[in-house]
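Asker: no FASTA, just this:
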């Protein structure tokens, strides 16, 4: 089986200050109670990637997605948000309830993750896939990991009360 996950490193574009600025914005949204509360944890609204502070993240995601596809798709639209969690919150969850996929009834979705801050051992805390033939994502600095949104996945183990911030983006398009 060909690995459906591709990684795109942007250490030449994004730096620690960009990540710090993104985390500060995200913390402000959570502190001001401006986040999506109908999900099982702390998640920003899907317009996060449209904030000016995240322009490098949005553009690098779009370049990654188009590179993954090998062409610019028709009628594309993108959403991006941050999923944040920490051990004391996460340990209360049933891990099996966290499996999910990104699907749309009429369009195709390409999903990507970018680890803004990951205080855990990378091999344990990336993205896990239900299909045992697909290798889990191990976080790497300044890197988008792109894969088909139809793959069933979940967040990896969290072992620290230091916050883990993961940017997630979807490119929704017509095939």
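Answerer: Nice, thanks for sending it over. These figures come from a predicted structure and were not determined experimentally. Numbering: from 1, shown residues only.
Asker: what about the helices in the chain?
Answerer: Per DSSP state H, the chain carries helices over the ranges 16-31, 55-69, 87-90, 122-125.
Asker: Could you identify which of the ones you listed is most buried?
Answerer: Mean neighbour count (mean count of other Cβ atoms under 10 Å) peaks for helix 55-69 among the helices of the chain, with a mean of 18. (Glycine included, C-beta is placed from N, CA and C.)
Asker: Could you figure out how far that helix is turned away from helix 16-31?
Answerer: 100 degrees (axes from the mean of the first three to the mean of the last three Cα atoms, to 10 degrees).
Asker: So for helix 55-69, mean pLDDT?
Answerer: On average, the pLDDT along helix 55-69 is 97.
Asker: Kindly report the same for stretch 17-32.
Answerer: Averaging pLDDT along stretch 17-32 yields 97.
Asker: what comes into contact with that stretch?
Answerer: For stretch 17-32, the external contacting residues (Cβ atoms under 8 Å, 6 or more residues apart in numbering) are 35, 42, 44, 48, 51, 53-54, 56-57, 82, 84, 116-117, 165, 167.
Asker: Of those, keep whichever come out buried.
Answerer: Neighbour counting by 16 or more other Cβ atoms under 10 Å classes 35, 42, 44, 48, 51, 54, 56-57, 82, 84, 116-117, 165, 167 among those as buried.
Asker: Closest one of the contacts of stretch 17-32 to residue 155?
Answerer: Using Cβ to Cβ, residue 84 comes nearest to residue 155 of the contacts of stretch 17-32, at 10.5 Å.
Asker: All the strands of this protein, residue numbers only.
Answerer: Listed in chain order, the strands of the chain (DSSP state E) span 6-9, 42-43, 74-85, 108-117, 127-129, 143-148, 153-155, 164-174.
Asker: Which of the contacts of stretch 17-32 scores worst on pLDDT?
Answerer: Within the contacts of stretch 17-32, pLDDT is lowest for residue 42, at 88.
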